[in-house]
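In: Next come a sequence and a model predicted from it.
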Amino acid sequence: MSEQDSAPARAARDAAKLNRLYRGVAADNAILAAHAEWLQQVVAVLHGKRQWWWWLIPAWLFRSILLARLKRRNLFDDKAYARTNPDVAKARLDPLRHYALNGFREARPTGLAEPTTFGASDLSARNAQSSVDDALRRRVMDSGMFDRDWYHAQYGGLIEDEVDSLSDYFAASDEDVLRDPGPLFSTASYLESNPDVRGIHPLRHFVERGMAEGCRAFPPDKVNAFLLDAPLQGLRPLTSFLNPDLPTIVLHWEDGNFFFTDIADYVTCFLMEKGFATKSVVSDAGIAPGSANVVVVAPHEYCVHGPGRSWSSGQFSDAVYINTEQWHTSWFILAYQVFRRSGKVLDINPASAAGLALLGMQAGFVPILPLPGSPFAFDRVAIAETTFRLKAIKPLAYPDAFADRPYDVAFLGVLNDRRARALAALAPTLAAYECFLHAPRFDGPVRSSDPDMISIRDFAQIARHSRILLNVHQGETHYFEWHRLFLSGIAQGSVVVTEPCTPLGVLTQDEHYLTATLDEMPGLIETLLGTHQGRLRLQAIHENCRKLMREIDAGKGLAATW
């Protein structure tokens, strides 16, 4: 097959054709939008406030007054239009009516100083000139969404001045919504995800309102590519953010997700081992500014819904934040607008931490490990009575042999439409094996009192009796769910089978976990559980996980990196 006829070449030609079609439609839409704007202004003049005596004057004088108003507002000049369009004058057509119905669409000249032909480029230039002021520029640059070097590498040219580069983006993206300001923010995706955004540029809306409202801005494909390119080197340890001469307060919202309480207690336990005087609390009341290191777990909860929502700018800028959320969610956006205010953030996922560092923040990785004395030191303990009473769970005898574990597959995850479809497709395969599947729906924060909740400690006991821990991502991002895949899977000797994940650097695919697309997953599970070679592969990865945990217990490897 020649290169010309190859699949990539055909795909490139199709993409180019679609791009041309898109640009044509986008230009037409811009003209229609400008037409609607012009008509709206004309109607406002024609139906504006009138004096009582207007009803007494002749119709020709009334019309003359209205046309004079349009001319003063630079909206229309009937005499200039007739002069520059002799065919209209020859046919004795009404100039305003002709322009409204035909002339605008035909881009006919009006004779006005203002370019009221309103082509797409005219509209873009006008919007850009009125939009990119100093306040907007500062907001955009502070958000980390505009990357000048990336922008010019993608779209060509080189503008030395940053202000002009940003103006170029605003002008061009008015006409072409596929044009983006950097590798993360998507102009088109923002409009699609937030259909209520009208009459304002997507990036302007995001930096002025969208972040505070939690508007989704980062599509999964951009997140995946961005985090894949983020270097994992140079991440800072938690202790480097703190003053050792001050006590440390770890804050979390008492009405939030129970898992974040566990993380707050874990961070407290870790820092105490490092010699920091630390306590975990649910309110910063009574803490004088500058008197303590302040660490906030899940700022999208504490600083948006909890006590931190009334903080001063100084309190926001002094705190260190721990992010727990995936980038494609509205929760991440809420957290992002908080920890941008201090630029000091840690993450429970190393790839996510590296991405935050790439956005110009001081960033670090907090690996959640089974630290003795912490909430994640999952010793062999009885499952909570309520869990046993409400769920069908096999007797847990902690067999020594991996092959004797009573469950073939375990799954725990909050159900959404994506996971529901994936589990339905996997059902024919999973039906042949012993499985523990728990996929409740939750509408808000998950609390320990909820009858559909299984604590991570209880699920760890079940995972310790399972050969495979199955993972289906919440969304399309390749996010490695550390708390589920490491704490509940790898740390318990269960072999993780997950959708593709962004490489972490600290764990290795095919050595510590296995990946497969949703289409490949049924075949992989059948091979692992139903064939001799597959069972040997499961056993080998199980042994790799056991070795990794022994290194962590000895303070080596992963445990020594922070």
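Out: All right, it came through fine. Numbers count the residues shown, from 1 in each chain.

In: who's in contact with the residue most central in space within the chain?
Out: Centroid-nearest residue in the chain, with Cα atoms, centre = their mean: H328, separated by 2.6 Å. Residues in contact with H328 (Cβ atoms under 8 Å, 6 or more residues apart in numbering) are 216, 218-220, 223, 475-477. Just so you know, the C-beta spots here come from the backbone N, C-alpha and C atoms, and that holds for glycine as well.

In: The stretch 101-250 of the chain: strands as residue ranges?
Out: With DSSP state E, counting those that start in this stretch, the ranges of strands along the stretch 101-250 of the chain come out as 248-251.

In: quick one: the strands in this protein?
Out: 248-251, 278-281, 293-297, 320-323, 344-347, 362-365, 407-412, 435-438, 466-471, 495-498, 514-515 (DSSP state E).

In: helices or strands up against the first one?
Out: The elements that strand 248-251 packs onto, with contact taken as 3 or more Cβ pairs under 8 Å, 6 or more residues apart in numbering; DSSP states H and E, are helix 258-273, strand 278-281, strand 293-297.

In: hmm, who's touching it?
Out: With Cβ under 8 Å, 6+ apart, strand 248-251 has contacts from 242, 264, 267-268, 271, 276-284, 287, 292-297, 302, 307-308.

In: Mind checking the pLDDT average for that strand?
Out: Averaging pLDDT along strand 248-251 yields 97.

In: cool, the fourth one as well?
Out: Within the predicted structure, the mean pLDDT of strand 320-323 is 97.

In: in its sheet, what does that strand sit against?
Out: strand 293-297 (parallel), strand 344-347 (parallel) (DSSP bridges).

In: End to end on stretch 403-412, go ahead and measure it.
Out: In stretch 403-412, first residue to last residue: 21 Å (Cα to Cα, to the nearest Å).

In: buried set for that stretch?
Out: 405-412 (16 or more other Cβ atoms under 10 Å).

In: And for stretch 537-547?
Out: Quick answer for stretch 537-547 (16+ other Cβ under 10 Å): 537-538, 541-542, 544-545.

In: ok, so of those, who is nearest A80?
Out: I541 (79.2 Å; Cβ to Cβ).

In: Not counting sequence-adjacent ones, nearest residue to the closest one?
Out: V495 (4.9 Å; Cβ to Cβ, 6 or more residues apart in numbering).

In: do the same with C269
Out: S374 (4.2 Å).

In: residues contacting the residue lying closest to N323 once chain neighbours are set aside?
Out: Excluding the flanking residues, the one nearest N323 by Cβ to Cβ, 6+ apart is D347, at 4.7 Å. Applying Cβ under 8 Å, 6+ apart to D347 gives the contacts 322-324, 353, 356, 363-366.

In: my guess is G364 contacts I348, does it?
Out: No. G364 lies out of contact with I348 (Cβ atoms under 8 Å); the separation is 10.6 Å.

In: any idea how far S374 lies from A59?
Out: Distance of S374 to A59, given as Cβ to Cβ, to the nearest Å: 86 Å.

In: Which of these two has more residues huddled nearby?
Out: S374 (20 against 7; other Cβ atoms under 10 Å).

In: who touches that one in this structure?
Out: S374 makes contacts with 265-266, 269-270, as judged by Cβ under 8 Å, 6+ apart.

In: swap in A217?
Out: Here A217 is in contact with 184-186, 189-190, 193, 206, 210-211, 333 (Cβ under 8 Å, 6+ apart).
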